[in-house]
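Student: take this sequence and fold it.
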Amino acid sequence: MRIAVLGATGRTGALLVDSALRRGHSVNALARDRAQLTGRPDIRAVIGDARARETLTELLQGAQAVISTLGPRGRDHTLQTTVATTLVDAMTESGVHRFIGVSVAGLDVPGDHKGNRDKVIGALVRTLARGAARDRAGEFTAWQNSDRAWTLVRVPRLVDGPTTQGSTSTPTPHRGAPPCTALHWRTSWSTSPWTADSTPKHRSLETATHEPDDAQSAEVGSRCRRRE
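Tutor: So this is what the prediction gives:
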């Protein structure tokens, strides 16, 4: 599989790219500065701005799936919404259906059943980082209104440390969306992650790069839930 990666030179993105390559996948990696990808003949580098349609169209060439680990960029509180909106159009034009993105735990989506601690965290995020919170909500809306198969992984905090393995699913049904694949994430986290999905039917995906066979497929509920 060829995977297009946004945020490929960040801490999370770099680990994801290396993981994909180890598993035999090909990678199109987006960077703002060519120097960030110097000495990486094993990937196809695309240099440009993630908000630019022409850049995303080039990034998607030959790709079967897209993964974004883009984080905040200074005081730009429209980045995630702009990228999501532009990427939906670029994916539609290019015929790419699958998207997985790293979002934040403070994002609330319809159907959530969060505990009190998570509700407090979400309220703090919306109060102390209003611009960023609105941006993440706009990103969610862009994907929710699309016809792509998408997953947003709402991680509380990514930390350096030994790899852990787990899976969770919180599908958000969207009429007319194609079947999608839930994320089976291998990383380190401080608390259980949540995901928001385009449809309630999906299969596990190891580090968003390994698709299991049908025997490993599993149905999950249509409401958001937290991994036990």
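
Student: give me the helix or strand of this structure that scores worst on average pLDDT.
Tutor: Every helix and strand of the chain was ranked by mean pLDDT, DSSP states H and E. The lowest is strand 218-219, at a mean of 26.

Student: hang on, residue 147 is in a strand, isn't it?
Tutor: No. Using DSSP: H, G, I helix; E, B strand; the rest coil, the assignment for residue 147 is coil, not a strand.

Student: list the contacts for residue 104?
Tutor: By Cβ atoms under 8 Å, 6 or more residues apart in numbering, the contact list for residue 104 reads 125, 132, 136, 154-155. Any C-beta I mention is one placed from the backbone N, CA and C, and that applies to glycine too.

Student: take stretch 113-127, keep the C-alpha atoms, and write them as CSV.
Tutor: Output of stretch 113-127 as CSV, limited to C-alpha atoms (Å, rounded to 0.1, in the frame of the first residue of the first chain):
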residue,chain,number,x,y,z
HIS,A,113,-20.3,8.9,26.8
LYS,A,114,-17.3,10.4,28.5
GLY,A,115,-16.6,10.1,32.2
ASN,A,116,-16.4,13.2,34.5
ARG,A,117,-12.6,13.5,34.2
ASP,A,118,-12.8,13.6,30.4
LYS,A,119,-15.6,16.1,30.5
VAL,A,120,-13.5,18.4,32.7
ILE,A,121,-10.5,18.0,30.4
GLY,A,122,-12.7,18.9,27.5
ALA,A,123,-14.1,22.0,29.2
LEU,A,124,-10.6,23.2,30.2
VAL,A,125,-9.4,22.8,26.6
ARG,A,126,-12.4,24.8,25.2
THR,A,127,-11.8,27.5,27.8
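
Student: quick one: average confidence on it?
Tutor: Averaged over stretch 113-127, pLDDT sits at 78.

Student: give me the buried positions along it.
Tutor: Within stretch 113-127, the residues that count as buried by 16 or more other Cβ atoms under 10 Å are 118, 121-122, 125-126.

Student: repeat that for stretch 5-15.
Tutor: Neighbour-count burial for stretch 5-15 flags 5-10, 12-15 (criterion: 16+ other Cβ under 10 Å).

Student: adding distance to residue 24, secondary structure and pLDDT, write those out as a markdown table.
Tutor: Shown next, in a markdown table, are those (distance: Cβ to Cβ, whole Å; DSSP: H, G, I helix; E, B strand; the rest coil; pLDDT from 0 to 100):
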| residue | distance to residue 24 | secondary structure | pLDDT |
| --- | --- | --- | --- |
| 5 | 16 | strand | 98 |
| 6 | 21 | strand | 98 |
| 7 | 22 | coil | 95 |
| 8 | 18 | coil | 94 |
| 9 | 22 | coil | 92 |
| 10 | 23 | coil | 91 |
| 12 | 21 | helix | 91 |
| 13 | 19 | helix | 93 |
| 14 | 18 | helix | 92 |
| 15 | 17 | helix | 92 |
